[in-house]
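K.L.:
no FASTA, just this:
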Ligand SMILES: NC(=O)c1ccc[n+]([C@@H]2O[C@H](COP(=O)([O-])OP(=O)(O)OC[C@H]3O[C@@H](n4cnc5c(N)ncnc54)[C@H](O)[C@@H]3O)[C@@H](O)[C@H]2O)c1
């Protein structure tokens, strides 16, 4: 049985870099960890927390370190490309957070270099690793709903989450950074079909009032080349203290031989606490009423982190250590998802249907 030891370089030691690092430090194949961040104090703090051997304020020191055999790129959304290209050039497998990049031209450069070097690059669409969606994919693969004819997904989140994303990068909009997970799920569920047309409408409100020229609500209809029609909607402008501490979603998948209704709102798991509950992702954000298990990356319990990011990190490390396949998105899949989110925004802005592929 193949068991490759892993030396992991973490580029971007923020919230998700911390989670990936902590999870990796407990994986049996990981023998070495090095951390980097534009802010050297972040890399140092993460290294201290997880016992990483090396830390640096210079990404290349870590990517090219001889004991680093694989790289996680968990920098802010607009800062992925340079580190991913450097890891590909160093011949090391990469896990980059979603979206692969903010611009299609950057995604194209990653695809071109990865294919030229035969590099193993994966993109962290961790919704795939929320168990209800993994299990839904299995039902589709087993043919249990027949041929997929349509689907719908509706995603809600609070304005506090939207404002944190927009502060990190003004291009990390609710469509490009939030709905993107559900575009990825739909592209994954439909299999090989290609998106040909997008039609969307949006409305502004509280995010604009907070200084961002971004829609509060977007509804869209996506049509694939096999005729599948998908309705995707997003609103990241729910009240600041809405009890979901991450995605509140509903996903419905329709086939000619069955249907799946996936209620992902977590309204069946309610806690009210006088003491309050901290947000898993936003610092200084405390709520009294919470839908338990609604944190997007997952949740802490009994000293361990459980949920989509934990499942995904383990699946990727297992894949590197044992060579077994994993379901993480490929750069081409992530590029198709990025293109779809851009098309949704273009259509909402122009009020006209947008044909794909997008020009340029
Ligand atoms: N899968 C999920 O559940 C999930 C959840 C949240 C965020 N994300 C994704 O993870 C990524 C990071 O998000 P986050 O919430 O950790 O953000 P964050 O702001 O907490 O952390 C980003 C870190 O990257 C550092 N950084 C920025 N540019 C850099 C550069 N060029 N080189 C080195 N370091 C750099 C910052 O200093 C910061 O420490 C984003 O792509 C985001 O979309 C995924």
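P.N.:
Okay, I see it. What you are looking at is a predicted structure, and each value in this text was computed from that prediction instead of being measured. Numbers count the residues shown, from 1 in each chain.
K.L.:
Going by C-alpha atoms from here, please, whenever you check contacts or count neighbours.
P.N.:
OK.
K.L.:
Tell me the confidence at residue 360?
P.N.:
On the pLDDT scale, residue 360 is placed at 63.
K.L.:
what's the answer for residue 241, then?
P.N.:
For residue 241, pLDDT reads 89.
K.L.:
Make sure it is indeed in a helix.
P.N.:
No - per DSSP: H, G, I helix; E, B strand; the rest coil, residue 241 lies outside any helix segment and is coil.
K.L.:
I figured it was touching residue 291, is that so?
P.N.:
No - Residue 241 lies out of contact with residue 291 (Cα atoms under 8 Å); the separation is 11.4 Å.
K.L.:
Return the nearest residue of the stretch 101-250 of the chain with respect to the ligand.
P.N.:
residue 126 (4.7 Å; Cα to the nearest ligand atom).
K.L.:
Look up phi and psi at that residue.
P.N.:
phi -70, psi -10 (degrees, to the nearest 10).
K.L.:
tell me, how many neighbours does it end up with?
P.N.:
25 (other Cα atoms under 10 Å).
K.L.:
One more: residue 297?
P.N.:
When neighbours are counted by other Cα under 10 Å, residue 297 registers 24.
K.L.:
Let me know the helix or strand that it is in.
P.N.:
For residue 297, there is no helix or strand it lies in under DSSP states H and E.
K.L.:
where's it relative to the ligand, distance?
P.N.:
In this view, residue 297 and the ligand are 4 Å apart by Cα to the nearest ligand atom, to the nearest Å.
K.L.:
Spell out which residues of the stretch 51-200 of the chain are next to the ligand.
P.N.:
Within the stretch 51-200 of the chain, the residues that sit near the ligand (Cα under 6 Å from any ligand atom) are 74-77, 79, 97-98, 124-126, 168.
K.L.:
Try it again at 8 Å.
P.N.:
57-59, 73-80, 82-83, 96-100, 124-127, 165, 168, 172, 177 (Cα under 8 Å from any ligand atom).
K.L.:
now the helices: where do they sit in the stretch 201-350 of the chain?
P.N.:
Secondary structure of the stretch 201-350 of the chain, counting by DSSP state H, counting those that start in this stretch: helices at 206-209, 308-322, 331-350.
K.L.:
Nearest spatial neighbour of the residue of the chain most remote from its centre, chain-adjacent residues omitted?
P.N.:
Outermost residue of the chain with respect to the C-alpha centroid, by Cα atoms, centre = their mean, is residue 274; its distance is 32.4 Å. Distances taken as Cα to Cα, 6 or more residues apart in numbering put residue 288 closest to residue 274, at 6.1 Å, once the chain neighbours are dropped.
K.L.:
what stretches of the stretch 51-200 of the chain score poorly on pLDDT?
P.N.:
For the stretch 51-200 of the chain, no stretch is flagged by pLDDT under 70.
K.L.:
the helices in it, which residues?
P.N.:
For the stretch 51-200 of the chain, the helices defined by DSSP H, counting those that start in this stretch occupy 59-63, 81-89, 104-117, 131-141, 159-168, 180-190.
K.L.:
So which of those helices is nearest residue 216?
P.N.:
Residue 216 lies closest, by Cα to Cα, to one member of the helices of the stretch 51-200 of the chain: helix 159-168, at 8.6 Å.
K.L.:
Name the residues of the closest one that come out as buried.
P.N.:
Within helix 159-168, the residues that count as buried by 16 or more other Cα atoms under 10 Å are 159-163, 165-166.
K.L.:
what sits up against that helix?
P.N.:
76, 172-174, 177, 206-207, 212, 236-241, 246, 282 (Cα atoms under 8 Å, 6 or more residues apart in numbering).
K.L.:
Now with 10 Å, please.
P.N.:
76-78, 169-174, 177-178, 206-207, 210-212, 214, 216, 235-242, 245-247, 281-282, 285 (Cα atoms under 10 Å, 6 or more residues apart in numbering).
K.L.:
do stretch 201-211 as well
P.N.:
By Cα under 10 Å, 6+ apart, the residues outside stretch 201-211 that reach it are 159-160, 162-163, 166, 212-221, 233-239, 344-353.
K.L.:
mean confidence for that stretch?
P.N.:
The predicted model assigns stretch 201-211 a mean pLDDT of 97.
K.L.:
Would you mind measuring the gap between the ends of that stretch?
P.N.:
In stretch 201-211, first residue to last residue: 21 Å (Cα to Cα, to the nearest Å).
K.L.:
Run the chain-centre distance for that stretch.
P.N.:
23 Å (Cα atoms, centre = their mean, to the nearest Å).
K.L.:
got it, and stretch 33-43?
P.N.:
Counting by Cα atoms, centre = their mean, stretch 33-43 comes out at 21 Å from the chain centroid.
K.L.:
Going by neighbour count, which residues in it are buried?
P.N.:
33-37, 40, 42-43.
K.L.:
Endpoint to endpoint, it covers what distance?
P.N.:
Where stretch 33-43 begins and where it ends lie 11 Å apart, using Cα to Cα.
K.L.:
Do any residues in that stretch lie close to the ligand?
P.N.:
Yes - using Cα under 8 Å from any ligand atom, stretch 33-43 comes into contact with the ligand via 36-39, 42-43.
K.L.:
Dump those to a markdown table, plus pLDDT and secondary structure.
P.N.:
Shown next, in a markdown table, are the residues of stretch 33-43 next to the ligand (pLDDT from 0 to 100; DSSP: H, G, I helix; E, B strand; the rest coil):
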| residue | pLDDT | secondary structure |
| --- | --- | --- |
| 36 | 99 | strand |
| 37 | 98 | coil |
| 38 | 98 | coil |
| 39 | 98 | coil |
| 42 | 98 | helix |
| 43 | 98 | helix |
